[in-house]
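Novice: give me coordinates for this.
(2 chains)
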Amino acid sequence: MKRLQNVWKDKVAVLSLSIITVTTVAGIFAPFVAPNDPEEVHMELRFASASWEYLLGNDHLGRCVLSRLIYGIRPSMLWVFVALLLSVSIGSIVGFLAGYFRGKTDAFLMRVCDVILSFPGYVMTLAIIGILGVGFESLIIAFVLMKWAWFARIIRSSVMQYAESDYVKFAKAIGASNMAIMIRHIVPVALPDIAVISSSSFGSMILQISGFSFLGLGIQAPEAEWGMMLNEARDVMFSRPEFMLAPGLTIVIVVSAINYLSDALQVALDPKLMTSKHKQQGLEAASAVKLEGKGVA
Amino acid sequence: MGSYITKRLLLSIPLVLIISFVTFAFIHLSPLDPAEVVLHSQGIPQITDELLAQTRAKLGMDQPFLTRYLNWVVSCLQLDFGDSYITGKPVWSMLGPAFLHTVKLTLVSTFSIVLLSIALGVACAWKAGKWVDKSVRGVSFFLTSMPSYWLAALLIWYFSVKLDLLPTSGMESYKSYILPVAVITISYAGIYFRIIRSAMLSNMNEDYVLYARACGLPEKKITIHILRNSLQVAISVFCMAIPIILGSTVVVENIFAWPGLGTLSVKSILSRDFPIIQAYVLVLAVVFILFNTVSDIINVALNPKLRDGL
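Specialist: Below is the predicted model of the structure:
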């Protein structure tokens, strides 16, 4: 992984990586990191400002804002990552099958993807939540169902390009099995592509999922989630606007870190981006990725 | 060209059919019995089996699935999407006006996105690598990492509460447009201006620019040539932007209490008003396909190389 060394030279990228690591660890070990119980109500401490016991103050029910932020990492970031992982895995399997075997398999799988992609993603997510009922599980399921086709599309074209290379033809000629060729010769080269695609959708997925929770369509009270915390802060926006700050800034910092790291990763893993003519195309592809992943307006 | 358009239009018909079927079938996958939802929403305290059967018959649920589907498609074609479970009013009487409001918001936003991203894209490409370019890209990077609902809340707090200049919500005058349009523009222009910037930059390296320069054409005229070629890319991108924005104004509409599709759809999801959800998905999906088709056709009209693709 010599190419990844360039990422280390970029100070901002290292900072981003540390932010992401610290957040992830804090989320996994939330019960040990959080100073208080996130759901414990103290009506006498409503809207209390920061104190040594409650570093970021207390919300409208007197709950510890910092602890809620830390517990919120789980749904807002870790579960989103699980959703991303699931849709990328489904997308990879479909993309590999279609891109490697081509022919009828490819045609059929790509038509299925076409149909899914021709649905407006945001609207369909709403529809799936409407049918399954409001809740965080429905939200995650809806995201996986709507996203995999798009990953499959891109992974397919990446696999296709490697499947036609000479060394794969050679491996076929000496009688290697399809499975062996895929695992030995295609997965290692396609993996960087997959990493870039998925990391660039991670940030926008966090934004989207917290957006749904903000609308009240995701996680339900009393559990803590960043979008949900902003939703609660909205009710007191006119009297206590400062409650919008903590969860909002948390999202901005985490998503910026993820987006920056994904851009750095893309440059590191795809040296072609650095040469002048490909650079433009690469940038365009990157923005197309963001565009597709976006959807929260 | 004519044959391409016909083929492309014909291709979208099965897609519309599939989507109508999926939309219809979806609702029946729901674990809830529609008859129960209706009775609950009418506030009937005791739901007997008899009453359930009656309601099912009224909703036409006792007929076979395919018959119901065909009936539904035929009535949808006449803009009759049934009645809302909750209010009992025809769905179209609620969806129609909401759709118009969302379209208004979308068109105004798209217009401002196009203006802003072309201006920024051209400026950044012109000064590529200079501080203008760097700072615009830096700010846009930051803005794309910001949740739009948070941005909206901050803007409401500053402009409506603190300065008391603009309305916080609703759709009364032209002033109500400013904040929602600003939020949508800020969230999307950051993406679109990059596309224009990179299109401009790649055109600048083309041979025709070198040739024009070698011929001694003034820089102004060369810029116009570059711009024209770069906007070709932009047109198809912006065509696709309209349906994307149309489908994703949900969050903004909810914050600003805009009486559009987003507000209506979230409300009906929370109250499980299936006919409205169904009609909402169907209408937007059809609009989405329509725009996809149109933008494909425009693309091909602009770039004949793509014509063999189909």
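Novice: identify each buried residue in the top helix by length along chain B, please.
Specialist: Longest helix in chain B, counting residues (DSSP state H): helix B:91-126. Neighbour counts over helix B:91-126 (16 or more other C-beta atoms under 10 Å in any protein chain shown) mark B:91-92, B:94-95, B:98-99, B:101-103, B:105-106, B:108-110, B:112-114, B:116-118, B:120-126 as buried. All C-beta atoms are positioned from the backbone trio N, CA, C, and that covers glycine.
Novice: by mean pLDDT, point me to the weakest helix or strand of chain B.
Specialist: helix B:34-41 (a mean of 74; mean pLDDT, DSSP states H and E).
Novice: just how off-centre is that one within its chain?
Specialist: 31 Å (C-alpha atoms, centre = their mean, to the nearest Å).
Novice: what's it in contact with?
Specialist: B:27, B:47, B:51-52, B:55-56, B:59, B:61, B:85-86, B:271-274 (C-beta atoms under 8 Å, 6 or more residues apart in numbering or on different chains).
Novice: quick one, which of those residues are buried?
Specialist: Those of the contacts of helix B:34-41 that meet the buried threshold are B:Ile27, B:Leu52, B:Thr55, B:Arg56, B:Leu59, B:Met61, B:Tyr85, B:Ile86, B:Ser271, B:Arg272, B:Asp273, B:Phe274, by 16+ other C-beta under 10 Å.
Novice: in helices, which of the contacts of helix B:34-41 fall?
Specialist: Members of those lying in helices (criterion: DSSP H): B:Ile27, B:Leu51, B:Leu52, B:Thr55, B:Arg56, B:Leu59, B:Phe274.
Novice: residues touching B:Tyr69, list them.
Specialist: By C-beta under 8 Å, 6+ apart, the residues touching B:Tyr69 are B:Phe21, B:Phe24, B:Ala25.
Novice: neighbour-wise, which one of these leads?
Specialist: When neighbours are counted by other C-beta atoms under 10 Å in any protein chain shown, B:Phe24 leads the contacts of B:Tyr69 with 19 neighbours.
Novice: what sits closest to it if chain neighbours are left out?
Specialist: Spatial nearest neighbour of B:Phe24, excluding adjacent residues (C-beta to C-beta, 6 or more residues apart in numbering or on different chains): B:Tyr69 at 5.2 Å.
Novice: chain center to the strand or helix carrying the one you found: distance?
Specialist: Per DSSP states H and E, B:Tyr69 falls inside helix B:65-77. Chain-centre distance of helix B:65-77: 26 Å, with C-alpha atoms, centre = their mean.
Novice: CA atoms of that helix as CSV?
Specialist: Extracted in CSV, the C-alpha atoms of helix B:65-77 (Å, rounded to 0.1, in the frame of the first residue of the first chain):
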residue,chain,number,x,y,z
PHE,B,65,-55.2,-8.2,-7.1
LEU,B,66,-54.8,-7.8,-10.9
THR,B,67,-58.4,-6.5,-11.3
ARG,B,68,-57.7,-3.9,-8.7
TYR,B,69,-54.4,-3.0,-10.3
LEU,B,70,-56.0,-2.5,-13.7
ASN,B,71,-58.8,-0.4,-12.2
TRP,B,72,-56.3,1.7,-10.4
VAL,B,73,-54.2,2.3,-13.5
VAL,B,74,-57.2,3.4,-15.5
SER,B,75,-58.4,5.8,-12.8
CYS,B,76,-54.8,7.1,-12.3
LEU,B,77,-54.8,8.0,-16.0
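Novice: now that helix: average pLDDT?
Specialist: Mean pLDDT, helix B:65-77: 85.
Novice: just to check, B:Val266 is in contact with A:Leu215?
Specialist: Yes - B:Val266 is within contact range of A:Leu215, at 5.5 Å (criterion: C-beta atoms under 8 Å).
Novice: what about the two, which has more around it?
Specialist: Taking neighbours as other C-beta under 10 Å, B:Val266 and A:Leu215 compare with A:Leu215 leading, 26 against 22.
Novice: shared neighbours of B:Val266 and A:Leu215, which are they?
Specialist: Common neighbours of B:Val266 and A:Leu215, using C-beta under 8 Å, 6+ apart, are B:Val250, B:Asn254.
Novice: show me what contacts residue 56?
Specialist: I'll assume chain A. Contacts for A:Leu56 (C-beta under 8 Å, 6+ apart) come out as A:Ala50, A:Cys64, A:Val65, A:Leu66, A:Leu69, A:Ala246.
Novice: let's do chain B instead
Specialist: B:Pro34, B:Ala35, B:Asp62.
Novice: burial check on the first one, number of neighbours?
Specialist: B:Pro34 is surrounded by 18 other residues when neighbours are defined as other C-beta under 10 Å.
Novice: flag every residue of the stretch 51-200 of chain B that's near chain A.
Specialist: When proximity is defined as C-beta under 8 Å from any C-beta of the partner chain, the stretch 51-200 of chain B approaches chain A at B:109, B:141-142, B:144-150, B:153-154, B:156-157, B:161, B:183-184, B:187-188, B:191-192, B:194-195, B:197-199.
Novice: sort out which of those are in helices and list them.
Specialist: B:109, B:141-142, B:144, B:148-150, B:153-154, B:183-184, B:187-188, B:191-192, B:194-195, B:197-199.
Novice: which ChimeraX command selects the buried ones in those residues?
Specialist: A single ChimeraX command selects the buried members of these (16+ other C-beta under 10 Å):
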select /B:109,144,148,149,150,153,154,183,184,187,188,191,192,194,195,197,198,199
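Novice: could you check the pLDDT of the residue most central in space within chain A?
Specialist: Of all residues in chain A, the one closest to the mean position by C-alpha atoms, centre = their mean is A:Phe202, 2.1 Å from it. For A:Phe202, the pLDDT comes out at 92.
Novice: following the helix or strand where it lies, which helix or strand comes up?
Specialist: Assigned by DSSP H and E, A:Phe202 falls within helix A:187-214. Downstream of helix A:187-214, the next assigned helix or strand under DSSP H and E is helix A:226-235.
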